[in-house]
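In: Next one to model:
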Amino acid sequence: MAGRICFHCKRRVEPGESHDCWTTTEAALLKPLPEELRDAFERLRETALTFGEQRIYASHHSIMFSRDSCYFFVRPKKSFLEVCLFLAREIKAPRIHRCDRSSKSKFFHIVRIQHRDEVESPLTDWLREAYTLLDVPPRKKRPGTD
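Out: Sure, this is the predicted structure:
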């Protein structure tokens, strides 16, 4: 059962098989960035890979990091990387550029990264929390509550 189902075209793709139904790639999204931002992304990617098994793929203007569902993604901008991570709680911290509810059980948090050295705690702790959040089953509602 090696291989995967392509998220976009739903076709089975075997390991090592060339597949390009979606023209966006990580390399294409990162190519126009200055070296400093590419280095920051590489550190972010390396950090995420230490968490465990996951899929990393480009989609439209973002690079997605997912297990069963996306737990964070990166939007490369001209002068920074916009990281959007999903947590079960709202965080108020100077590093958080924006936070809002994305569903009944999750909040999205936007963090801007301009340098490789910014990929450290508390950001790495939040990313690990987002990764492990997918291990926790959603709480069942009690009758009569919203």
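In: switch to C-alpha atoms for all contacts and neighbour counts from now on
Out: OK.
In: Which parts of the protein are strands?
Out: 4-5, 12-13, 55-59, 62-66, 70-76, 81-87, 96-101, 107-113 (DSSP state E).
In: For the first one, which helices and strands make contact with it?
Out: Applying 3 or more C-alpha pairs under 8 Å, 6 or more residues apart in numbering; DSSP states H and E, one finds that strand 4-5 contacts strand 12-13.
In: which residues touch the strand it packs on?
Out: If you take C-alpha atoms under 8 Å, 6 or more residues apart in numbering as the criterion, strand 12-13 is touched by Gly3, Arg4, Ile5, Cys6, His19.
In: ok, now stretch 52-64?
Out: For stretch 52-64, contacts defined as C-alpha under 8 Å, 6+ apart pick out 22, 24-26, 29, 65-67, 70, 72-76.
In: Go through these and name the one nearest Arg128.
Out: Within those, distances to Arg128 taken as C-alpha to C-alpha reach their minimum at Phe72, with 10.2 Å.
In: Give me the angle between the biggest helix by length in the chain and strand 55-59.
Out: In terms of residue count, the longest helix belonging to the chain (DSSP state H) is helix 35-49. Compare the direction of helix 35-49 with that of strand 55-59 by axes from the mean of the first three to the mean of the last three C-alpha atoms, to 10 degrees and you get 140 degrees.
In: quick one, helix 35-49 and strand 62-66 angle?
Out: Going by the same axes, to 10 degrees, helix 35-49 makes 20 degrees with strand 62-66.
In: so what secondary structure elements neighbour helix 35-49?
Out: If contacts are counted by 3+ C-alpha pairs under 8 Å, 6+ apart, helix 35-49 sits against helix 123-133.
In: Can you point out the buried residues in the helix it packs on?
Out: Along helix 123-133, the positions that meet the burial threshold by neighbour count (16 or more other C-alpha atoms under 10 Å) are Leu123, Trp126, Leu127, Arg128, Glu129, Ala130, Tyr131, Leu133.
In: List the pairing partners of the one helix or strand in the chain whose mean pLDDT sits lowest within its sheet, with orientation.
Out: Every helix and strand in the chain was compared by mean pLDDT, DSSP states H and E; the lowest is strand 4-5, with a mean of 82. In the sheet containing strand 4-5, its partner strands are strand 12-13 (antiparallel), by DSSP bridges.
In: Just the buried residues from the contacts of stretch 52-64, in PyMOL please.
Out: With 16+ other C-alpha under 10 Å as the criterion, this PyMOL line picks the buried residues out of those:
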select buried, resi 24+25+26+29+65+66+67+70+72+73+74+75+76
